[in-house]
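In: model this:
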Amino acid sequence: MAAFQMPRLSRWLLLFLALPLVRGCEPPDCDRPDCGTCGNACCNMQYVFGTVSPVDLYSRLSQSLSAGGPDQHYQFIGGADFRPHHFATQFMLQGQHTTLVNRYNDTLYFNIYNAPDASFGTIVQCFSISQMTGTLCDQGQNYKNIAALIKAMGIPFYQNTLRGCATLPMP
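Out: Numbers count the residues shown, from 1 in each chain. Below you'll find the model as predicted:
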C-alpha cells in the first residue's frame, strides 16, 4: 500500500501557517537574543537619561506599565519608593509583559537611581526574564520587552548591556 503523500502546495501552506508558532519575537528589536545566561533566557540593560529625574522616570515607567505599554501587553505589578531610607536606589518597579506570539509571560524589574556624577542624570537598570521554565533561547524577546518600553517614552538615552541579550548573533 502506498504511503500518504501530502501535496506540495499543502506542505508549504502548513509550514507558512505554523511559522508564527515557532517565532517568539515580533520585530523590531528582536536582534538581541539570549540563550540561558541567567539559567533561563534574560536581558539586563542599563539606560542613562540625562534630562529626567528619578521621580519623573518612575512616574513615566509606572504610568506606561499601568496603561499597557506601547503594545498594550504590559502590566504594572508594583513599585517601591526608597527615598526615605536614603539608599542609592530611589525607586524599584516590577512589571510583566505578555508576548504577542504564543502569549508567553516575562517578568520585568527596574531599579532607578541618580548617576554618581549628577551631570549624567538618572540611571535605570532594567531586567527581563522569561517566566516559562526551560526557556533556553528567547529570540530577542527579553531585550524587546525592555527596549520597546524605554523607546516609547521618547526621552534621549544611552544604553549599556549588563548581562544577556548579546549584541552579536548567537552561533
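In: going by C-alpha atoms from here, please, whenever you check contacts or count neighbours.
Out: Noted.
In: please name the residues that touch residue 62.
Out: By CA atoms under 8 Å, 6 or more residues apart in numbering, residue 62 lies in contact with 76, 79, 93.
In: that one: which element?
Out: Taking DSSP states H and E as the definition, residue 62 sits inside helix 54-66.
In: for the protein, just list every one of the helices.
Out: Counting by DSSP state H, the chain has helices at residues 8-22, 54-66, 141-152.
In: which one of these has the poorest average confidence?
Out: Per-stretch mean pLDDT for the helices of the chain is lowest at helix 8-22 (a mean of 41).
In: low-confidence ranges in this structure?
Out: Scanning the chain for pLDDT under 70 picks out 1-23, 168-171.
In: circling back to that earlier point, need the contacts of residue 62 in CSV (columns: distance to residue 164 and neighbour count).
Out: Shown next, in CSV, are the contacts of residue 62 (distance: CA to CA, whole Å; neighbours: other CA atoms under 10 Å):
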residue, distance to residue 164, neighbour count
76, 23, 20
79, 24, 16
93, 20, 20
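In: which member of those is positioned nearest residue 37?
Out: Minimum distance to residue 37 across the contacts of residue 62 is 22.2 Å, recorded for residue 93 (CA to CA).
In: tell me the contacts of the closest one?
Out: 58, 62, 77, 78, 79, 80, 109, 110, 111.
In: for the residue positioned nearest the centre of the chain, what are its contacts?
Out: Closest to where the C-alpha atoms of the chain average out (CA atoms, centre = their mean) is residue 145, at 2.2 Å. By CA under 8 Å, 6+ apart, the residues touching residue 145 are 97, 108, 128.
In: same thing but 7 Å
Out: By CA atoms under 7 Å, 6 or more residues apart in numbering, the contact set of residue 145 is residue 97.
In: quick one: it from residue 38, how far?
Out: To residue 38, residue 145 is 16 Å away according to CA to CA, to the nearest Å.
In: just to revisit the earlier point, distance to residue 124 for the contacts of residue 62 - can I get that in JSON lines?
Out: Output for those, formatted as JSON lines (distance: CA to CA, whole Å):
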{"residue": "76", "distance to residue 124": "16"}
{"residue": "79", "distance to residue 124": "14"}
{"residue": "93", "distance to residue 124": "10"}
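In: all set now, cheers.
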